[in-house]
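Novice: structure for this input, please:
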Amino acid sequence: MPSSESLVELSLSAEQRELMERVRDFARRELNDGLIEREARSEFSREAWSKCAALGIQGLPFPVQYGGGGADVVTTVAVMEALGYGCRDAGLIFGINAQMWSVQMPILHFGTEEQKRRYLPKLNAGEWIGAHGMTEPNSGSDAFALATTARKQGDGYVLNGTKTFVTNAPVADVFVVFATTDPRLGFMGLTAFVLERSFSGLSVGRAIPKMGLRTSPMAEVVLDECLVPVENRLGPEGAGAQVFRVSMEWERACILASYVGTMERQLENCVRYARERKQFGRSIGKFQSVANRIVDMKLRLETSRHLIYRVAARKARGEDVTMDAALAKLHVSESFVQSSLDAIQIHGGYGYTTEFEVERDLRDAVAARLYSGTSEMQRNIIAAGLGL
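Specialist: Predicted structure coming up:
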């Protein structure tokens, strides 16, 4: 049983629950039409993105003075859970999460007042889309082994390098990009920049086909003598590691909240199917092998929800949530993969077909074990926190 403190952390107000229901209804009504066809074409829906922004999703946790909703972390997590329940387009939600936590949050925490006023209102309103460039062809989990360089030139910088697996890149207007100003300093030489798509020397490659999250476009970003004004540096030189750490903590703490909602919808669908589907003269839910899978799905859902809301509550109190975020990221991602496998098994042959929209959850779930730090990296963070 969770402690009394944890039970308090998991409680939501009537207003928060009412907001969740409104978001669920909106998502079911506005975001799911034509999804099977759009996913088959790997088609990003700008219309759906704009609808989410009009509802206030992208700007929810950001200050009102920058066009945001001013919501606390727990409310934001609750809304993202509701979005995941009502919206079957996990790619759309993933793209929104990628912008909120790894583009908007670093600008909010490290940006100048001019940067905040230039970028946040447009990102909050869905007028602009943001992308985050850290990963490179030869640096993934070793995030600080970057080859992209930034050299000072006049009143600005010249960036050279290639970023890969950049979510939202094909449709992005703004990029938060990391480069090293002095390779001899290692991570201490890392510096962050806010780039606009129109900057000379910035180009976006072809979209990268993916196993899942297909409605979330992804591509390489090439910086070839890319000219960046000094006022577009995000924080001081050498602060890039801190910018990256803060954005990753936010991302790991919040990005999988939507999957809690998806896992709840997934569970409900499996329970309904197990009651209705008959084999050997009785509902398949009466067979222990099926019932046990559903029980395990319920257990994963509740433990995942507990971890997500615990980290949100602690973050709202200003506590260090490095380990909590890693625990949540690890558990929810692994749980969603396993529950998606169970859902397919419960539905049998139907679960393997695209028409039933069961197999898509598995394809979307696998990526969660990779982005924002692989499951292996989360275990390393947790082990370090334990003093190992």
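
Novice: and the residue lying closest to residue 23 once chain neighbours are set aside, how many neighbours?
Specialist: Leaving out its chain neighbours, the residue that sits closest to residue 23 by C-beta to C-beta, 6 or more residues apart in numbering is residue 82, at 4.0 Å. Yep, even glycine has a C-beta here, placed from its N, CA and C like the rest. Residue 82 has 26 neighbouring residues, counting by other C-beta atoms under 10 Å.

Novice: roughly how far does residue 82 sit from residue 110?
Specialist: Using C-beta to C-beta, to the nearest Å, one obtains 30 Å as the distance from residue 82 to residue 110.

Novice: what does the strand or helix carrying the residue nearest to residue 23 rub up against?
Specialist: Assigned by DSSP states H and E, residue 82 falls within helix 73-86. The contact list for helix 73-86 (C-beta atoms under 8 Å, 6 or more residues apart in numbering) reads 12, 16-17, 19-21, 23-28, 31, 52, 57, 60-61, 71, 90, 93, 97, 253-254, 257-262, 264-265, 305, 308-309, 312-313, 315-316.

Novice: swap the cut-off to 6 Å and go again
Specialist: 12, 16, 20, 23-24, 27-28, 60-61, 93, 254, 257-262, 264-265, 312-313, 315-316 (C-beta atoms under 6 Å, 6 or more residues apart in numbering).

Novice: mark which of those residues are buried, thanks.
Specialist: 12, 16, 20, 23-24, 27, 60-61, 93, 254, 257-262, 264-265, 312-313, 315-316 (16 or more other C-beta atoms under 10 Å).

Novice: per-residue pLDDT, residue 13?
Specialist: At residue 13, the model reports a pLDDT of 92.

Novice: the residue nearest to residue 23 and residue 93, how far apart?
Specialist: Taken as C-beta to C-beta, the span from residue 82 to residue 93 is 11 Å.

Novice: repeat for residue 64
Specialist: Here residue 64 is placed at a distance of 24 Å from residue 93 (C-beta to C-beta).

Novice: repeat for residue 350
Specialist: Separation of residue 350 from residue 93 (C-beta to C-beta) stands at 25 Å.

Novice: cool, residue 279 as well?
Specialist: Going from residue 279 to residue 93 by C-beta to C-beta gives 35 Å.

Novice: residue 294 now?
Specialist: Distance of residue 294 to residue 93, given as C-beta to C-beta: 25 Å.

Novice: which parts of the stretch 51-200 of the chain are helices?
Specialist: Counting by DSSP state H, counting those that start in this stretch, the stretch 51-200 of the chain has helices at residues 73-86, 90-99, 105-110, 113-124.

Novice: distance to residue 290 and mean pLDDT added to those, as CSV?
Specialist: What follows is the helices of the stretch 51-200 of the chain, written out as CSV (distance: least, C-beta to C-beta, whole Å; pLDDT from 0 to 100):
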stretch, distance to residue 290, mean pLDDT
helix 73-86, 23, 97
helix 90-99, 25, 98
helix 105-110, 42, 97
helix 113-124, 45, 98
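
Novice: could you identify which of those is most buried?
Specialist: helix 90-99 (a mean of 26; mean count of other C-beta atoms under 10 Å).

Novice: and that one, what does it pack onto?
Specialist: Applying 3 or more C-beta pairs under 6 Å, 6 or more residues apart in numbering; DSSP states H and E, we find helix 90-99 packed against no helix or strand.
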